[in-house]
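Peer 1: Dropping the sequence and predicted coords here.
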Amino acid sequence: MQDPYLYLTMAATTLAGLAILTVAALRGWNGWLDFKRAELGRRGEESSPPSAAARIEVADLKERIRKLEAIAAGVDL
């Protein structure tokens, strides 16, 4: 006949395996959420307005490009 302890052991093993998989999945999910929160935090820091020095440097580069384009077109400045 069938051994009732076999069914009890199989059920307990299955339940333990399911619990282990569930805990691992939840830890992975929490890790992914923490990663995304950190990514959003970094993105917020990058969107800060540029400093005055950066704006001056960009303006200087634009002026240099304008002069180089004028030279390439043969226009005297």
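Peer 2: Looks like it arrived, so ask away.
Peer 1: Domain parsing of the protein, as residue ranges.
Peer 2: Taking automatic domain parsing as the reference, the chain has its domains at 1-46, 49-77.
Peer 1: mean pLDDT lowest for which of those?
Peer 2: Note on those: lowest mean pLDDT is at domain 49-77, with a mean of 85.
Peer 1: Tell me where the protein has helices.
Peer 2: 4-46, 52-73 (DSSP state H).
Peer 1: and the shortest one, what does it pack onto?
Peer 2: Same thing as helix 52-73. Applying 3 or more CB pairs under 8 Å, 6 or more residues apart in numbering; DSSP states H and E, one finds that helix 52-73 contacts no other helix or strand. The way it works is simple: take the backbone N, C-alpha and C, and place the C-beta from them, glycine included.
Peer 1: quick one: it to chain centroid distance?
Peer 2: 34 Å (CA atoms, centre = their mean, to the nearest Å).
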